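>>> sharing a model prediction with you, sequence too.
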Amino acid sequence: MPRFGRLTVYAALISGSVSLISGCALTPDYERPPLAVPSSYAADTQLTSSTGQGESIANLPWWQVFEDAQLQALIRSALAENKDLGVALSRIAQANAQLTSTRANQFPFFDVSGSAGRGRQSQLLIPGAGIEENFSIMGNLSFELDLWRKLSRATESARAELLANEAAHRHVSLTIVANVARTYLLLLDLDQRLVIARRTVDSRQGSLAIIQARFDKGTVPELDVNQAQVELAVAEVAVATFQRQIAQTEHSLSILLGRNPGAIKRGLSLMEQQLLPEIPTGLPSELLQRRPDVVAAEQQLHAETALIGVAEALRYPSLSLTGSYGGVSDDLSDLNDSDAESWGVAGNIFAPILNWGQLKAQSEAQRARTEQALQNYEATLQQAFREVADALVAVDTYRQEYEAYHRQAVAAGNAERLSRARYDAGVVDYLEVLESSRSMFNAELNESASFQAAMNALVELYQSLGGGWTAEESAATSVKAP
């Protein structure tokens, strides 16, 4: 049999004996800890709007929740270009490579080495010494038996780290989707408020011109002119404020999109956005698999739990096998000669003695880290339940606020028109007109802000439930574990 064919046979025999020689794990396999999962969300029984435990809104992909085509385009751009998302994606690649590296320790390592040398010793030291040549080529095999599943536990931990990073990537993606939606809705709200402010400026400029003309004719006091000037200035300040806020919001949205600050194209207006009539939430237990931050926290707990097995295994003996096979000759042409054959096998056992206490302390430290991961997992889950409950209350109450503000804006607009008619007829003084004008201006601004808050509450609920992830999103995380 050729020399390296024999070495291959030796490698196969060693590898095949692993299942017979390897011992059992020193720690039990990971199991999800018992969790206090409520049967329903705390806010469900307190809501007046239509919610329920049917198929969750989070099962919808984001492009069905946010139906504005321009908002969809912005979200797609952010998912492709956002820098935080790029960092999260690179961490997945890093964890995947680390898993491959860690898993490789479970298999034999085979190396080939060769050498060639030519030299002569000093004839003063060795009389008659001549030129010597030596050549060698060796195959070296080394393998650590996984007696206590130390290596497989390390691989298990690395795989859980990879899954945690993939969940973290989904969490960043969901956060970006929600932040883009929130910022875009704020931009539309500011656009709406700017329209209201400019319309109010035009109206008050017209009123000031009329009052100024009446004052010039001596039919109204100067106080009416001054009050009209004050109210005009208030509306002009609002215009400048909203213009500044619009520009700054566009800049913030540009950064979310992975761009330099610049203008943002709009789609539907704020009032053309859709408030969903029914918002099913599903069961709280679904958050364990749907919320990416909860999944990431559990996978981190799994990773730390597996490392307990690694730490425990370090306290016990380890056994490694080494073998070499090749040829050594003083003539290159003789390397394949049977007399040049050189081989060796060895078994090495290592058992800690005096550092037993140190290794025990390291194991206890790892158990403490695992306990921290458990507490973080439970806290993350509790936070998820709280966020869903808060979002459900927000969806319900902001919808009620908007409906009330809408009625207020309609009534305030009608009152303002009646006040002006009464003032023009000389029935009331200008103070009533001012009060009705202020009420209408504030009511219209509040109506816009409350509608934006109601839409934001829907975004918050969608995010807190874990969002909907389909093929379009998952393509970005196509890195597979080995």
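On my side now, so go ahead.
>>> immediately after the helix or strand hosting Asp189, which helix or strand?
Element membership of Asp189, judged by DSSP states H and E, is helix 150-216. Note on helix 150-216: by DSSP H and E, the next helix or strand toward the C-terminus is helix 222-256.
>>> mean confidence score for the helix holding Asp189?
Average pLDDT, helix 150-216: 93.
>>> how big is the angle separating that helix from helix 222-256?
Orientation check (axes from the mean of the first three to the mean of the last three Cα atoms, to 10 degrees): helix 150-216 against helix 222-256 gives 160 degrees.
>>> helix 150-216 packs against which elements?
Helices and strands touching helix 150-216, by 3 or more Cβ pairs under 8 Å, 6 or more residues apart in numbering; DSSP states H and E, are helix 69-81, helix 83-103, helix 222-256, helix 292-313, helix 430-464. (Glycine included, C-beta is placed from N, CA and C.)
>>> quick one: buried residues of the first one?
For helix 69-81, burial by neighbour count (16 or more other Cβ atoms under 10 Å) applies to Leu71, Gln72, Leu74, Ile75, Arg76, Ala78, Leu79.
>>> quick one: mean pLDDT over it.
What helix 69-81 shows for mean pLDDT is 91.
>>> can you name the residues in contact with that helix?
Residues outside helix 69-81 that contact it (Cβ atoms under 8 Å, 6 or more residues apart in numbering) are 62-63, 66, 85, 173, 176-177, 180-181, 184, 253, 256-259, 264-268, 473, 476.
>>> of those, buried ones?
Buried among those by 16+ other Cβ under 10 Å: 62-63, 66, 85, 173, 176-177, 180-181, 184, 253, 256-258, 264, 267, 473, 476.
>>> was I right about Val112 contacting Asn140?
Yes: using Cβ atoms under 8 Å, Val112 is in contact with Asn140, at 7.4 Å.
>>> more crowded one of those two?
Asn140 (16 against 11; other Cβ atoms under 10 Å).
>>> got the CA positions of the helix or strand where the more buried one lies in PDB?
Under the criterion of DSSP H and E, Asn140 resides in strand 131-145. Taking Å, rounded to 0.1, in the frame of the first residue of the first chain, the C-alpha atoms of strand 131-145 are listed here in PDB:
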ATOM      1  CA  ILE A 131      29.000  17.300   2.700                       C
ATOM      2  CA  GLU A 132      25.800  15.800   4.000                       C
ATOM      3  CA  GLU A 133      22.300  16.000   2.600                       C
ATOM      4  CA  ASN A 134      18.900  15.100   4.100                       C
ATOM      5  CA  PHE A 135      15.400  15.000   2.800                       C
ATOM      6  CA  SER A 136      12.100  14.200   4.400                       C
ATOM      7  CA  ILE A 137       8.400  14.400   3.800                       C
ATOM      8  CA  MET A 138       6.000  13.600   6.600                       C
ATOM      9  CA  GLY A 139       2.200  13.500   7.100                       C
ATOM     10  CA  ASN A 140       1.200  14.500  10.600                       C
ATOM     11  CA  LEU A 141      -2.200  13.600  12.100                       C
ATOM     12  CA  SER A 142      -3.500  15.000  15.400                       C
ATOM     13  CA  PHE A 143      -6.800  14.600  17.100                       C
ATOM     14  CA  GLU A 144      -8.300  15.400  20.500                       C
ATOM     15  CA  LEU A 145     -11.000  13.000  21.600                       C
END
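>>> can you list the buried residues in it?
Applying 16+ other Cβ under 10 Å to strand 131-145 flags Phe135, Ser136, Ile137, Met138, Gly139, Asn140, Leu141, Ser142, Phe143, Glu144, Leu145 as buried.
>>> for Leu392, state which of the residues you listed is nearest.
Leu392 has its nearest neighbour among the buried residues of strand 131-145 in Glu144, at 53.8 Å by Cβ to Cβ.
>>> need the three-state assignment for the closest residue in space to the closest one that isn't next to it in sequence.
In space, and not counting its chain neighbours, Glu144 is closest to Ser320: 4.3 Å by Cβ to Cβ, 6 or more residues apart in numbering. Ser320 falls in the strand class when you classify it by DSSP: H, G, I helix; E, B strand; the rest coil.
>>> with Gln274 instead?
Once three-state DSSP is applied, Gln274 turns out coil.
>>> just say helix, strand or coil for the closest residue to Glu132 other than its chain neighbours.
Distance criterion Cβ to Cβ, 6+ apart; nearest residue to Glu132, sequence neighbours excluded, is Gly119 at 6.1 Å. With three-state DSSP as the basis, Gly119 sits in strand.
>>> just checking, Leu431 touches Ala228?
No: counting by Cβ under 8 Å, Leu431 does not reach Ala228; the two are 11.4 Å apart.
>>> which of those two has more neighbours?
Each of Leu431 and Ala228 has its neighbours counted (other Cβ under 10 Å); Ala228 has more, 24 against 13.
>>> quick one: what helix or strand has the closest residue to Ala454 other than its chain neighbours in it?
Distances taken as Cβ to Cβ, 6+ apart place Tyr398 nearest to Ala454, at 4.1 Å, with adjacent residues excluded. Here Tyr398 sits within helix 356-424, counting by DSSP H and E.
>>> what angle sits between that helix and helix 222-256?
Using the same axes, to 10 degrees: helix 356-424 against helix 222-256 is 150 degrees.
>>> average pLDDT across helix 356-424?
Helix 356-424 comes out at a mean pLDDT of 93.
>>> who does it touch, helix- and strand-wise?
Packed next to helix 356-424, using 3+ Cβ pairs under 8 Å, 6+ apart, are strand 50-52, helix 287-290, helix 292-313, helix 430-464.
>>> which one of these has the poorest average confidence?
strand 50-52 - the lowest mean pLDDT of the helices and strands packed on helix 356-424, at a mean of 49.
>>> so for the helix or strand where Tyr325 lies, what gets flagged as buried?
Assigned by DSSP H and E, Tyr325 falls within strand 318-329. Across strand 318-329, burial judged by 16+ other Cβ under 10 Å covers Ser318, Leu319, Leu321, Thr322, Gly323, Ser324, Tyr325, Gly326, Gly327, Ser329.
>>> chain neighbours aside, what residue packs nearest to Asp189?
Gln452 (3.7 Å).
>>> tell me how far that neighbour lies from Met271.
Applying Cβ to Cβ, to the nearest Å, the value for Gln452 to Met271 is 10 Å.
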